[in-house]
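J.: how would this look folded up:
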Amino acid sequence: METPRVPGCLGPNVYPAVPDGGWGWAVAVAFFMVEVNTYGVLKTLGVFLQDLMDEFQESNSRVSWVISISAFIFAFTAPLASLLSNRFGYRPVVMMGGFLMSLGMICSAFTSSINQMYVTIGIISGIYLVFTRLKHSLKKLVE
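T.: Numbering: from 1, shown residues only. The predicted model follows:
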């Protein structure tokens, strides 16, 4: 059986110039940093689980709700972030996400109950995760 010849499909793509203007490395580094921060915030809360349980005198399940709420908000509000980025642009949406992350983390440092952690880290920082998770935003920020 003979392999069909389709021009341009079987050989390497050779570009006369860099297709992204030479900024592909910046996009890759920026996306890596966003992923580290996004999942770093969400996943490292488990490291502090015992400390949070001791601090607030709460059970494992009540403290774990902080992470669960954040993950739910992360998944549930993704369409909202897409709509906002289409409406207002990528830069303002990502900057708003950074502001919300800072606000959530600073406010969580002053919480005195687990219910306040639900709001500060669970909801406010969960919304941040969505705003900074927009893959298209990184490409548009570099352009």
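J.: Show me the shaky parts of the protein.
T.: 1-15, 18-21, 129-143 (pLDDT under 70).
J.: 50 - rerun?
T.: The model of the chain has no residue with pLDDT under 50.
J.: got a list of what Asn60 touches?
T.: Applying Cβ atoms under 8 Å, 6 or more residues apart in numbering to Asn60 gives the contacts Leu49, Met53. Using the backbone N, CA and C atoms, a C-beta is placed for each residue, glycine as well.
J.: repeat that for 10 Å
T.: By Cβ atoms under 10 Å, 6 or more residues apart in numbering, the contact set of Asn60 is Leu49, Gln50, Leu52, Met53.
J.: Is it correct that the third one is in contact with Tyr118?
T.: Spelled out, that is Leu52. No. Counting by Cβ atoms under 10 Å, Leu52 does not reach Tyr118; the two are 11.9 Å apart.
J.: still on that earlier bit, any idea which of the contacts of Asn60 is closest to Tyr128?
T.: Comparing the contacts of Asn60 against Tyr128 with Cβ to Cβ picks out Leu52 as the nearest, at 19.5 Å.
J.: Just give me how far whichever strand or helix holds the closest one sits from the chain centre.
T.: Using DSSP states H and E, Leu52 falls within helix 49-56. Computed by Cα atoms, centre = their mean, to the nearest Å, the separation of helix 49-56 from the middle of its chain amounts to 25 Å.
J.: in that helix, what's buried?
T.: Of all the residues in helix 49-56, those buried under the rule 16 or more other Cβ atoms under 10 Å are Leu52, Met53, Phe56.
J.: same check, this time on stretch 31-50
T.: The neighbour-count check on stretch 31-50 (16+ other Cβ under 10 Å) flags Val34, Thr38, Val41, Leu42, Leu45 as buried.
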